[in-house]
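**Q** Here you go, sequence then predicted model.
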Amino acid sequence: EAGVVQSPRYKIIEKKQPVAFWCNPISGHNTLYWYLQNLGQGPELLIRYENEEAVDDSQLPKDRFSAERLKGVDSTLKIQPAELGDSAVYLCASSSGLELSEQFFGPGTRLTVL
Amino acid sequence: GNSVTQMEGPVTLSEEAFLTINCTYTATGYPSLFWYVQYPGEGLQLLLKATKADDKGSNKGFEATYRKETTSFHLEKGSVQVSDSAVYFCALSTSGSSGDKLTFGTGTRLAVRP
C-alpha cells in the first residue's frame, strides 16, 4: 500500500515569492492534515480536512497561507508571499478516521526562503 | 491547554544499552498518548500508543506505560541497536471539538554507537 506522497521534497525560493506544496493521502483516508515543523521542534497543526471540508484551520495564518482539498482527495498548501520565517518542513498526514488519531505522515517538504 | 514535555537530546548510547526517554503531559480530559519516530529522511511513523491509564504500548522492543498519576508516558527499550538512531516524538490527542488533533513534544534525538 502506498503511503502519503508529498511533492516537492525540497524547495528553495526567495522571499516574497509564492510557493505551493502538494499532498496525496493514502487511498480511502478521509481526513487530511497539514503540519508545520520548525527545526528542533515537534509538528504543529496548520489545518485539518474531513473530506473536502476544512474542520480546523484555527492555526493557519490566513493572511498569507491558503489550502484546498478539491474532491476530497489531494490537497495543496500555498504561501503567498513567503517570508524568511516560513523556512521549515511542511508535513502532510492522513487518517481513516476509523481508529482515533492513527495518522500516517508523508516525508515532508523542506522549504528554504532566502 | 494541552502540552507535552520530553527530555532534551541528543541522547547518545552504545549498542545494547538501556534506553529511557522521559515524557510528561498536561491535558484536559483523558488523552490518548503516542510515540512517533522519525528516521533520517523519512516521515514520522507511529511507534506505539496507549489510550487509557495503565495501558502499555509496545512495538519493536520499545515500551511505554500510560501513568495517569504522574502524567507520564516514558519510552523504554532494553537493548538499543544502531538502527534505532532517530528522533522520537511524544504526542497526545484528546477528543472533543478539536477532534483528533495531535499535540507533539519537541522531539528527542537518539544516536546509537556501534
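**A** Yes, it's here. Numbers count the residues shown, from 1 in each chain, chains lettered A, B, ... in the order given.

**Q** The helix or strand containing A:T76: partners in the sheet, and parallel or antiparallel?
**A** If you go by DSSP states H and E, A:T76 is part of strand A:75-79. Each strand paired with strand A:75-79, and its direction, by DSSP bridges: strand A:19-24 (antiparallel), strand A:65-68 (antiparallel).

**Q** just how off-centre is it within its chain?
**A** 7 Å (Cα atoms, centre = their mean, to the nearest Å).

**Q** for the strands paired with strand A:75-79, which one sits closest to B:L44?
**A** strand A:19-24 (14.2 Å; Cβ to Cβ). Using the backbone N, CA and C atoms, a C-beta is placed for each residue, glycine as well.

**Q** Of all residues in chain B, which one is closest to chain A?
**A** Using Cβ to the nearest Cβ, the single residue of chain B nearest to chain A is B:F104, 3.0 Å away.

**Q** So which residues of chain A form strands?
**A** For chain A, strands defined by DSSP state E occupy the ranges A:5-7, A:10-13, A:19-24, A:31-37, A:44-50, A:53-56, A:65-68, A:75-79, A:88-95, A:104-105, A:109-113.

**Q** ok, the shortest one near chain B or not?
**A** The one in question is strand A:104-105. Yes. Under the criterion of Cβ under 8 Å from any Cβ of the partner chain, chain B is reached by strand A:104-105 at A:104-105.

**Q** And for that strand, what's in contact with it?
**A** Applying Cβ atoms under 8 Å, 6 or more residues apart in numbering or on different chains, the contact partners of strand A:104-105 are A:3-4, A:26, A:29, A:91-95, B:36, B:43-46.

**Q** Who wins on neighbours among these?
**A** Ranked by neighbour count (other Cβ atoms under 10 Å in any protein chain shown), the contacts of strand A:104-105 have B:L44 at the top, with 30 neighbours.

**Q** Surely it touches A:E102?
**A** No. Here B:L44 lies out of contact with A:E102, judged by Cβ atoms under 8 Å, at a distance of 11.8 Å.

**Q** count of residues packed around A:C23?
**A** Counted with other Cβ under 10 Å, A:C23 comes out at 25.
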